[in-house]
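With the input below, show me the fold.
(one chain, ligands or ions: 1)
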Amino acid sequence: MKYSILASILSFGLVSGCATEPPVVPDGSLAFFGATLIDGTGAAPIEGAVLIVKNGRVVAVGAEDSVDVPAGAERIDVTGKTIVPGLINTHGHVSGVQGLEDGHYTTDNLKRQLGLYARYGITAVNSLGGDGPEAIALRDAEDESLDRARITVAGAVVTGETVDEVVAAVDENIAMNVDFIKIRVDDNLGTSTKMTPELYRAVIDRAADNGLSVASHLFYLDDAKGLLQAGTGFIAHSVRDAEVDDELIELMKEKDVCYCPTLTREVSTFVYEDVPDWFEDPFFLKDADPAVLEELKQDERMERVKNSPAAAGYKKALAVAMPNLKKVADGGVTIAFGTDTGPAGRFQGYFEHMELAMMAEAGLSPEQILLSATGDAARCLGFDDIGTLSSGKWADFIVLSSNPLTDIDNLRAIESVWVAGNRVPSS
Ligand SMILES: [Zn+2]
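From the prediction side, this is the model:
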């Protein structure tokens with residue numbers, strides 16, 4: 001009798017438990033489950049991972065048995081897919097270019113470009129120069145509702161003839177509240193005057209006094225060394241005049257400065273001497289403006305590129321840059337993924353994937369390339385809440401249908417892109 005009462009109480013309890021269980025109330029969290037997850041730190045991928053996102057941030061990530069899925073989470077089955085952190089372009093430009101024409105520096109045009117980057121999986125862009133208050137306003141408005149790429153800026157590229165002039169230019173950028181200072185130390189293949197060491201030292205010192213790091217556009221090996229000695233915080237292009245040497249590699253490591261290859265910048269200078277193969281690539285065409293392609297395909301225009309000394313010069317420069325990338329990477333320098341996209345003919349989004357492929361062509365492994373575009377990119381810029389997927393970081397990531405560690409081109413196999421836990425709209 002005792003037993004049977006207990007049994008009936010138990011069975012009643014079970015039945016009533018089922019019958020009266022309150023409906024699950026969605027708590028706004030998302031639980032992605034079943035994917036292979038690469039967290040951006042260089043750690044081994046997690047198979048059958050669970051990623052919990054709430055209020056724009058990663059709440060938890062790990063193997064299935066190590067993560068509690070909140071009862072109110074919306075479950076998203078991504079079995080068989082791969083999740084990687086959103087890619088970070090450490091050197092891009094979100095500019096006034098629309099089509100092939102400059103002069104359209106408007107909030108709407110900036111938003112358009114940030115949407116375009118995001119659709120290609122680039123969830124953060126460090127715009128190194130040509131940035132105005134409109135970009136600062138967009139940066140400052142980023143919150144958990146964001147569904148386009150994040151932006152950080154360098155303001156106006158610092159130029160000037162005297163120490164007073166360059167210091168004043170740095171101060172103007174600081175007053176605008178920029179994230180970095182950008183300078184150019186280059187003579188553009190011997191066609192212009194190069195910023196002198198006296199001036200770039202003044203810029204770097206002024207920036208440092210205000211807690212800002214200076215990103216340096218450069219071309220020549222000797223300038224790279226001079227800039228590193230002076231305290232530049234970032235090498236924004238490949239060394240392209242000569243093979244890099246041990247002195248440069250040791251300097252970069254000693255100063256903990258990252259190297260940003262921007263190989264596709266070179267490509268953009270000569271590739272339109274012909275109709276590029278990728279003008280037929282659906283991955284390019286999905287976001288391309290047909291009118292722009294027609295313009296680039298005009299015979300007269302292609303002829304001009306073919307006969308341009310700059311194009312020939314930068315074609316040679318690319319042949320120097322490729323092995324230099326491999327050499328600095330082998331030497332232990334941190335590579336920061338970056339493309340210099342944004343100017344006319346350097347197609348945001350698509351060129352990032354071309355850059356990734358070229359890094360592979362230069363001899364970097366998929367692991368190295370992915371790291372350079374995620375965890376290392378964030379570290380190189382000094383950002384600690386993007387680039388990797390762990391508790392507390394922004395939930396910026398890509399769901400891919402194939403694994404980029406097998407082939408870096410698999411970063412093109414984009415199923416969805418998420419910024420602050422929001423799915424990026426497809427157009
Ligand atoms: Zn640039």
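
Next, count neighbours for whichever residue of the chain sits closest to the ion.
Relative to the ion, the nearest point of the chain is Asp340 (4.2 Å; Cβ to the ion). The way it works is simple: take the backbone N, C-alpha and C, and place the C-beta from them, glycine included. Using other Cβ atoms under 10 Å, Asp340 has 25 neighbouring residues.

close to the ion, is the helix or strand that Ala124 is a member of?
Assigned by DSSP states H and E, Ala124 belongs to strand 122-127. No. Interface with the ion: strand 122-127 contributes nothing (Cβ under 5 Å from the ion), its closest point being 8.7 Å away.

what's the following helix or strand after that strand?
That would be, after strand 122-127 and using DSSP H and E, helix 133-140.

Determine the set of other helices and strands touching that following helix.
Contacts defined by 3 or more Cβ pairs under 8 Å, 6 or more residues apart in numbering; DSSP states H and E place helix 133-140 against helix 107-119, strand 150-153.

residue contacts, Gly129?
The contact partners of Gly129, taken as Cβ atoms under 8 Å, 6 or more residues apart in numbering, are His93, Ala154, Gly155, Ala156, Val157, Lys182.

Now do the same for it: its pLDDT.
pLDDT, Gly129: 97.

Would you mind measuring from it to Pro343?
Going from Gly129 to Pro343 by Cβ to Cβ, to the nearest Å gives 10 Å.

which residues are common contacts for the two?
The contact lists of Gly129 and Pro343 share His93, where a contact means Cβ under 8 Å, 6+ apart.

residue boundaries of the helices in the stretch 201-350 of the chain?
Counting by DSSP state H, counting those that start in this stretch, the stretch 201-350 of the chain has these helices, from start to end: 221-230, 246-255, 263-270, 282-285, 290-296, 299-306, 309-330, 350-361.

Take those helices and lay them out in CSV including distance to Leu381.
Formatted as CSV, those follow (distance: least, Cβ to Cβ, whole Å):
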stretch, distance to Leu381
helix 221-230, 18
helix 246-255, 16
helix 263-270, 19
helix 282-285, 27
helix 290-296, 30
helix 299-306, 33
helix 309-330, 18
helix 350-361, 16
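
just the contacts of Gly129 that are near the ion?
Restricting these to those touching the ion (Cβ under 5 Å from the ion) yields no residues.

Which is the succeeding secondary structure element to the worst-scoring helix or strand of the chain on mean pLDDT?
Lowest mean confidence among the helices and strands of the chain (mean pLDDT, DSSP states H and E): helix 2-20, at a mean of 47. Toward the C-terminus, helix 2-20 is succeeded by strand 30-37 as the next helix or strand (DSSP H and E).

Give the rounded mean pLDDT of that following strand.
For strand 30-37, mean pLDDT rounds to 98.

list the buried ones in it?
Leu30, Ala31, Phe32, Phe33, Gly34, Ala35, Thr36, Leu37 (16 or more other Cβ atoms under 10 Å).

Pick the one among those closest to Arg148.
The closest of those to Arg148 turns out to be Leu30 (Cβ to Cβ; 18.6 Å).

shouldn't the closest one be in contact with Gly56?
No. Counting by Cβ atoms under 8 Å, Leu30 does not reach Gly56; the two are 10.6 Å apart.

Give me the common contacts of those two.
Common neighbours of Leu30 and Gly56 (criterion: Cβ under 8 Å, 6+ apart): Gly421.

What parts of the stretch 101-250 of the chain come near the ion?
So the stretch 101-250 of the chain meets the ion at Leu128 (Cβ under 5 Å from the ion).

how much space is there between the nearest residue to Ser238 once chain neighbours are set aside and Asp340?
Once flanking residues are discounted, Ser238 sits nearest to Ala321: 3.6 Å by Cβ to Cβ, 6 or more residues apart in numbering. As judged by Cβ to Cβ, Ala321 and Asp340 stand 12 Å apart.

picking that back up, mean pLDDT and mean neighbour count added to the helices and strands packed on helix 133-140, as TSV?
Shown next, in TSV, are the helices and strands packed on helix 133-140 (pLDDT from 0 to 100; neighbours: other Cβ atoms under 10 Å):
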stretch	mean pLDDT	mean neighbour count
helix 107-119	98	20
strand 150-153	98	25
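
Could you dump these into JSON lines and include distance to Gly392?
What follows is the helices and strands packed on helix 133-140, written out as JSON lines (distance: least, Cβ to Cβ, whole Å):
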{"stretch": "helix 107-119", "distance to Gly392": "22"}
{"stretch": "strand 150-153", "distance to Gly392": "16"}
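
list the contacts for Leu296?
The contact partners of Leu296, by Cβ under 8 Å, 6+ apart, come to Leu100, Tyr272, Val275, Phe279, Met302, Gly345.

Phi first, then psi, for the residue of the chain closest to the ion.
phi 60, psi 30 (degrees, to the nearest 10).

Spit out the contact partners of it.
Contact analysis of Asp340 by Cβ under 8 Å, 6+ apart lists His91, Gly92, His93, Leu128, Ala236, His237, Thr262, Thr264, Arg265, Arg346.

Tell me the spatial nearest neighbour of the second one, not counting adjacent residues.
On the basis of Cβ to Cβ, 6+ apart, the spatially nearest residue to Gly92 that is not a chain neighbour turns out to be Val125, at 4.3 Å.

Starting from Ala344, give me the distance back to that neighbour.
Where Ala344 is concerned, Val125 sits at a distance of 17 Å (Cβ to Cβ).

quick one on the thing from earlier: against Asn89, how distant is the residue of the chain closest to the ion?
Look at Asp340 and Asn89: by Cβ to Cβ, they are 9 Å apart.

Equivalent analysis for Phe347, please.
13 Å.

again with Pro404
Distance from Pro404 to Asn89, by Cβ to Cβ: 16 Å.

These two: which has the busier surroundings?
Shown here are Pro404 and Asn89; by other Cβ under 10 Å, Asn89 has more neighbours (33 against 22).

Thanks a lot, catch you later.
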